[in-house]
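> what shape does this take:
(chains A and B)
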Amino acid sequence: MLHEPIKTALNAVTIEMGIGEVEIDLERPRNPSHGDVTCNIALVLSGKLGRPSRDIAVEIAASIEKDTAGIASIEVAGPGFLNFRLSAVTAASILDEIVAKNEGFGRQNIREGAHVMVEFVSANPTGPLHLGHGRQAALGDALASLLEWTGWQVHREYYYNDAGTQIDKLAQSVRVRYLALFGRQEEIPEGGYHGEYINELAESLAEEFGDQFVLDESKKAVEQIRNFSVRCLREEQDSDLDDFGVHFDEYYLESSLHDNGRVNSTLEALKQTGFVYVHEGATWLKTTAFGDQKDRVMVRKNGLPTYFLPDVAYHMHKWTRGYERVINVQGSDHHGTVDRVRSGLQALGLPKGYPEYVLHQMVRVVRDGSEVKFSKRAGTSITLRELYTEVGTDVTRYFFQMRKPDAQMVFDLDAALDYSDKNPMYKIQYAHARMHSIFAKAQVMPEEIESGSADLSLLTEDYERQLINQLRDFPSVLTRAAENCAPHIVCEYLEQTASTANTWYHAGNPSRNPSLAVLVDDSKIRSARLVLARSLQIVLQNGLAILGITAPKRMMQEPANDGT
RNA sequence: GCGCCCGUAGCUCAGUUGGAUAGAGCGCGUGCCUCCGGAGCACGAGGUCACAGGUUCGAAUCCUGUCGGGCGCACCA
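Numbers count the residues shown, from 1 in each chain, chains lettered A, B, ... in the order given. As a prediction, the model looks like this:
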């Protein structure tokens, strides 16, 4: 990266001063008048050396090798900040790099192909996907991309809880509606499902199987109803996600853990550890030994396992499949499971923090200032599909991603439906599309713009310098976002980039300020600015790609309701 | 009661891992404007960073406590 020469120059100085190599932190100052790059090393050293930070800063500034590092000037400011201004050539050289790397600009290899699994969505197949799943789908997918961009080999996994009591409740609910179609009244069991989709399932069940389950109350019949319902709901969830642009490498079925004996073998393995005991007819694991609030039941008095046991078996299998890093994206209402799953795994010898969790808070949808709660079809909150059908998948994804996971968020439908620059997602897309229209006007293909094709030292305007600095940040933004499992950092960055770009673009409005326009008469400046325009386009396009959002070349008249 | 998350502009939210005068969008106010592509552009007002202590050169950020909100505390998932 471009900061590198400054780092080495600084290190040379600290070695010369007899301090040796020091951890050096370079940042781009918030305030542009503070230069292109800033460093607080003097403040850090002041404690160590017992000298005033300003004195140290002055000394470093005096002895630094400016020319080789491409530094135009150094200034000591405030308590001892070192503010560097880069020479125009050095600053702009990043543009050649961007254009050369193109779709690869921003990619890093911090973790040379190490394997990581991201598990997300993992909804029970007991109903349509709703808002919370949407947030999770958008978040998990972006996180997975971020990890890919920073060098991880990523596996996207979806865990279907297709076993257990919830599914039984589903089957019973469908059965009751099904019987009603044939004039038989029964009550939906407590904790059962009531949405309109249960009726739909009952109807398709009747269509496919006729009345054959009406009198048949055998175990086998109930199982058939259950399998049918689960199959239909899985298909629906899959197509909801597919249309949302989220895809998985693997769907892992909870039922498989029971079928292939992993649940049992995990139980046996746990028993070997000495942390298992029997109390009041149930089998417990002493999870308090690993920091859990209380011990947990693994096998109930009735002989059936709780969900806890298959959970441990599942995560054990993640480990044995070779994923030494696993990130589970879940709603924060599940945070109670974190400690117990980890405890179970620790009992089996897995590392303490395994797996990692990204827990996201709840979403509220608001229209006209008041909350939209209900979906008739789902019987609960509005579904993911209802949401993205109305506002479009790009906006839906962006809105879910632009807030950090652990903050509760308000999804404002009015803001989402605003098809102008006021909507941050469209603001970014506009900025991208504008560049394309400039190329069209200039009659060049963006792909034809080559690295090294222009004299970038001509980019000396403040507007240009600002934008260049902004673009330079992209790779480090991605590292930070990936390290923090925080896609919203990318959103924040892209929006800011679009703002900077808009300021630059509008400043060069040909009717007002033709000398600042990209397509100026001076052909040398023009080609330099086209490189800048191209670089901007690449950065926006790459950033949007990570978020799973399209980068249109033209904006359409109306938002695309592409969910249907 | 216990645990986790969150309290930052009227509203929705950022805040680069402890740095310079706390930022953005919406809304509001003022002045431009129909342009290389849209209700656009420029500028402005608006803050006791919930509160009280502590840590240090320096705190919205770290520690302790208090208040307020969300979620979770099953032999349900």
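> which helices and strands sit right next to the helix or strand that residue A:345 is a member of?
Taking DSSP states H and E as the criterion, the element that holds residue A:345 is helix A:336-347. Judged by 3 or more Cβ pairs under 8 Å, 6 or more residues apart in numbering; DSSP states H and E, the packing partners of helix A:336-347 are helix A:262-273, strand A:282-285, strand A:296-299, helix A:308-320. C-beta: built from backbone N, CA, C; applies to glycine.
> residues in contact with residue A:194?
Residues near residue A:194 by Cβ atoms under 8 Å, 6 or more residues apart in numbering: A:173, A:188, A:379.
> most neighbours among these, which one is it?
residue A:173 (25 neighbours; other Cβ atoms under 10 Å).
> quick one on the thing from earlier: the inter-axis angle of the helix holding residue A:345 versus helix A:262-273?
With axes from the mean of the first three to the mean of the last three Cα atoms, to 10 degrees defining the directions, helix A:336-347 sits at 60 degrees from helix A:262-273.
> dump the helices and strands packed on helix A:336-347 to JSON lines, plus distance to RNA strand B, mean neighbour count and mean pLDDT.
As requested, the helices and strands packed on helix A:336-347 are exported to JSON lines (distance: least, Cβ to the nearest atom of the strand, whole Å; neighbours: other Cβ atoms under 10 Å; pLDDT from 0 to 100):
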{"stretch": "helix A:262-273", "distance to RNA strand B": "12", "mean neighbour count": "17", "mean pLDDT": "95"}
{"stretch": "strand A:282-285", "distance to RNA strand B": "4", "mean neighbour count": "20", "mean pLDDT": "94"}
{"stretch": "strand A:296-299", "distance to RNA strand B": "4", "mean neighbour count": "20", "mean pLDDT": "94"}
{"stretch": "helix A:308-320", "distance to RNA strand B": "7", "mean neighbour count": "21", "mean pLDDT": "95"}
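> what would these look like in JSON lines with distance to residue A:120?
Output for these, formatted as JSON lines (distance: least, Cβ to Cβ, whole Å):
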{"stretch": "helix A:262-273", "distance to residue A:120": "22"}
{"stretch": "strand A:282-285", "distance to residue A:120": "26"}
{"stretch": "strand A:296-299", "distance to residue A:120": "24"}
{"stretch": "helix A:308-320", "distance to residue A:120": "13"}
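> out of those, which comes closest to residue A:229?
Ranking the helices and strands packed on helix A:336-347 by proximity to residue A:229 (Cβ to Cβ) places helix A:308-320 first, at 20.2 Å.
> name the next helix or strand downstream of that closest one, please.
Next in sequence after helix A:308-320, counting helices and strands by DSSP H and E, comes strand A:325-331.
> helices or strands up against that following strand?
Applying 3+ Cβ pairs under 8 Å, 6+ apart, one finds that strand A:325-331 contacts strand A:115-119, helix A:131-149, helix A:308-320, strand A:356-360.
> report pLDDT for residue A:379.
With respect to pLDDT, residue A:379 scores 72.
> hmm, I was thinking of residue A:560
42.
> next one: residue A:42
With respect to pLDDT, residue A:42 scores 88.
> right, and it touches residue A:82 too?
Yes - Residue A:42 lies in contact with residue A:82 (Cβ atoms under 8 Å); the separation is 6.4 Å.
> mind listing the shared neighbours of the two?
The contact sets of residue A:42 and residue A:82 overlap at A:57, A:60, A:76 (Cβ under 8 Å, 6+ apart).
> among those residues, which are in strands?
residue A:76 (DSSP state E).
> which one among the shared contacts of residue A:42 and residue A:82 gets closest to RNA strand B?
Checking these against RNA strand B by Cβ to the nearest atom of the strand gives residue A:76 as the nearest, at 8.7 Å.
> near the closest residue to that closest one other than its chain neighbours, how many other residues are there?
Leaving aside its sequence neighbours, residue A:76 sits nearest to residue A:57 (Cβ to Cβ, 6 or more residues apart in numbering; 4.4 Å). Using other Cβ under 10 Å, residue A:57 has 27 neighbouring residues.
> among the helices and strands packed on strand A:325-331, which comes closest to residue A:417?
Here helix A:131-149 is closest among the helices and strands packed on strand A:325-331 (Cβ to Cβ), at 16.4 Å.
> tilt between the closest one and strand A:115-119?
170 degrees.
> convert the next helix or strand after helix A:131-149 to PDB, retaining C-alpha atoms only.
Of the helices and strands lying after helix A:131-149 in sequence (DSSP H and E), the nearest is strand A:153-160. Taking Å, rounded to 0.1, in the frame of the first residue of the first chain, the C-alpha atoms of strand A:153-160 are listed here in PDB:
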ATOM      1  CA  GLN A 153     -11.800 -19.800   1.700                       C
ATOM      2  CA  VAL A 154     -15.400 -19.400   2.700                       C
ATOM      3  CA  HIS A 155     -18.100 -22.000   3.000                       C
ATOM      4  CA  ARG A 156     -21.700 -20.700   3.300                       C
ATOM      5  CA  GLU A 157     -23.900 -23.100   5.300                       C
ATOM      6  CA  TYR A 158     -27.600 -23.200   6.200                       C
ATOM      7  CA  TYR A 159     -28.700 -25.500   9.000                       C
ATOM      8  CA  TYR A 160     -32.200 -26.800   8.800                       C
END
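> many thanks, I have nothing further to ask.
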